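J.: What shape does this take:
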Amino acid sequence: QVQVVESGGGLVQPGGSLTLSCETSGFTLDYYAIGWFRQAPGKEQEGLACIEKGRGRSYYDPLVKGRFTISSDDPKKVVYLQMNSLTPEDTAEYHCGVLLDIRPCPRTTYDFAGQGTEVTVSS
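T.: All right, here's what the predicted structure looks like:
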């Protein structure tokens with residue numbers, strides 16, 4: 001059974017940084033993808049970044065490119081999202097998702113996704 005658990009959210013001041021973690025388990029594949037998307041109150045979901053395992057490629061939405069960095073610890077099957085220069089507009093619930101094969105990303109729909117971790121950017 002595939003499980004996805006996000007952590008690392010919290011309150012951060014504008015201009016600050018935060019690193020989110022995504023722990024995955026329950027599958028063993030050579031090629032798959034893990035990505036992050038977010039849901040802010042009253043807004044549509046936004047796909048942020050993803051990383052293709054097996055190909056070693058990562059992709060970013062222009063909205064966060066240059067500010068967010070996705071990385072992974074392969075032995076632990078953990079994916080991180082380093083977020084810098086945060087603004088109040090980044091306030092949202094952040095979700096991590098798993099694609100069990102390679103498909104275009106970033107995206108907002110995944111085969112499996114976690115419950116999310118809340119990020120609030122405020123002074």
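J.: so residue 82 sits right up against residue 21, yeah?
T.: No: with contact defined as CB atoms under 8 Å, residue 82 and residue 21 do not form a contacting pair (10.4 Å). Just so you know, the C-beta spots here come from the backbone N, C-alpha and C atoms, and that holds for glycine as well.
J.: Quick check: buried residues in stretch 99-108?
T.: For stretch 99-108, a neighbour-count test (16 or more other CB atoms under 10 Å) marks 99, 105-108 as buried.
J.: how long is that stretch end to end?
T.: Stretch 99-108 has an end-to-end distance of 11 Å (CA to CA, to the nearest Å).
J.: ok, residues contacting it?
T.: 2, 27, 29, 31-37, 45-50, 52, 54-55, 59-61, 97, 110-112 (CB atoms under 8 Å, 6 or more residues apart in numbering).
J.: Please repeat the previous calculation with a cut-off of 6 Å.
T.: Identification of contacts with stretch 99-108 by CB atoms under 6 Å, 6 or more residues apart in numbering yields 31-33, 35, 37, 45, 47-50, 52, 59, 61, 110-111.
J.: quick one: average pLDDT of that stretch?
T.: In this model, stretch 99-108 has an average pLDDT of 93.
J.: Now find how far off-centre that stretch is within its chain.
T.: Its chain's C-alpha centre and that of stretch 99-108 lie 12 Å apart, by CA atoms, centre = their mean, to the nearest Å.
J.: ok, now stretch 83-93?
T.: Going by CA atoms, centre = their mean, the spacing between the C-alpha centre of stretch 83-93 and its chain's C-alpha centre is 13 Å.
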